[in-house]
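Asks: Next comes the sequence, and after it the predicted model I'd like to discuss.
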Amino acid sequence: MTTRRPFVGGNWKMHGDLARAVELTEDVSAAVASIAEAVDIEIYPPFPYLQAVGHALRGVGVAFGGQDCCPHLEGAYTGQTSPSMIADLGGNSVLVGHSERRHGLGETDDIVASKLRAGLAADLQVVLCVGETQAERDAGQAAEVVSRQVRAGFEGLDAAQARRIVIAYEPVWAIGTGVTATPADAQNAHASIRELLGSMYDAELAAAIRIIYGGSVKPGNAAELFAGPDVDGGLIGGASLKADDFAAICRAAMPS
Ligand code: PEP
């Protein structure tokens, strides 16, 4: 049986300033010190603060990454950030396909897939965010949408590349709304994604890939959301801005 190491990411979005980013990094480092031995913990600060956050994380068992990246490693792409630049600053990971980019900024499956490939080319671990909107859910299309997004992300990748991806299942209607999927709904969605990976690759690879849940995870609901056998942790927005709340969520992801 494959044992997957839990993963919890904190997506800070566009919050805070430099002083707050450093203070929050220090507070998170202290609060999760004993948990980081058992859980992969990553924080995703705004780009301008990556270097300062990386500096504050030296010697601490917490990693950091970018909230997005350019689909190209270098070139005339004004205003964009290369995944190699994230790696150059010591980051080890990048989020792609967050719903605030898919739905807020019109990023298509193809754009997300090209960012994913650029992240892999820069030797980053990539967190591929997928999830259906409320309208898609109401129309009974949730499974189809998620399956399409996963297929588009993994298309053409070999097993070694696929292993470097973490999938974040984040139903769009649950992000920042205070509404969460039920633990059973989250588990079912994750099990379907794992089944799909099994059909695209094989059972061993499907069992090795981490699938985390995102959408209004809080200290009070994290343990039950993470209890499903296919739920390997979470991607946390609002609650990652409070070190104690984020630490409590990381603690809930620890293997029992
Ligand atoms: C997110 O931004 O990925 C997220 C899950 O946000 P929140 O936890 O605030 O719903």
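Replies: That came through, no problem. Numbers count the residues shown, from 1 in each chain.

Asks: What residue in the stretch 101-250 of the chain comes nearest to the ligand?
Replies: Residue nearest to the ligand within the stretch 101-250 of the chain: Gly237 (2.1 Å; C-beta to the nearest ligand atom). (C-beta placed from N, C-alpha, C; glycine too.)

Asks: and the closest residue to that residue other than its chain neighbours, how far is that from the ligand?
Replies: In this structure, Gly237 finds its nearest non-sequential neighbour in Asn11, 5.1 Å apart by C-beta to C-beta, 6 or more residues apart in numbering. Asn11 sits 5 Å away from the ligand, going by C-beta to the nearest ligand atom, to the nearest Å.

Asks: Quick check, pLDDT for Arg58.
Replies: Per-residue pLDDT puts Arg58 at 92.

Asks: how close does it get to Phe64?
Replies: 11 Å (C-beta to C-beta, to the nearest Å).

Asks: Just want to know which of these two has more residues nearby.
Replies: Phe64 (25 against 8; other C-beta atoms under 10 Å).

Asks: Doesn't Glu42 belong to a strand?
Replies: Yes: if the criterion is DSSP: H, G, I helix; E, B strand; the rest coil, then Glu42 is within a strand.

Asks: Quick check: beta-bridge partners of it?
Replies: Gly9, Ala63 (DSSP bridges).

Asks: when you give positions from now on, start the count at 58
Replies: Sure, I'll start counting at 58 from here, so that last one is Glu99.

Asks: Tell me which residues touch it, please.
Replies: Phe64, Val65, Gly66, Gly67, Val119, Ala120, Phe121, Gly122, Asn149, Ser150, Val184 (C-beta atoms under 8 Å, 6 or more residues apart in numbering).

Asks: Contacts only, for the fifth one.
Replies: With contact taken as C-beta under 8 Å, 6+ apart, Val119 is in contact with Val85, Ser86, Val89, Ala93, Ile98, Glu99, Ile100.

Asks: Need the pLDDT of it.
Replies: For Val119, pLDDT reads 97.

Asks: Tell me the spacing between it and Ala78.
Replies: 13 Å.

Asks: Check the fourth one too.
Replies: Gly67 sits 12 Å away from Ala78, going by C-beta to C-beta.

Asks: ditto for the second one
Replies: Counting by C-beta to C-beta, the gap from Val65 to Ala78 is 18 Å.

Asks: Look at the two and report which has more neighbours.
Replies: When Val65 and Ala78 are compared for neighbours, Val65 comes out ahead with 30 against 21, by other C-beta under 10 Å.

Asks: is it true that that one touches Ala305?
Replies: No: counting by C-beta atoms under 8 Å, Val65 does not reach Ala305; the two are 10.7 Å apart.

Asks: Run through the residues that contact Ala310.
Replies: Pro63, Phe64, Val65, Val96, Ala279, Phe283, Asp289, Gly290, Gly291.

Asks: actually Ile92, not the one I wrote
Replies: Ile98, Ala304, Cys307, Arg308, Met311.

Asks: ditto for Ala280
Replies: Contacts of Ala280 (C-beta under 8 Å, 6+ apart): Ala309.

Asks: Surely it forms part of a helix?
Replies: Yes: judged by three-state DSSP, Ala280 forms part of a helix.

Asks: That one and Met142: what is the separation?
Replies: 37 Å.
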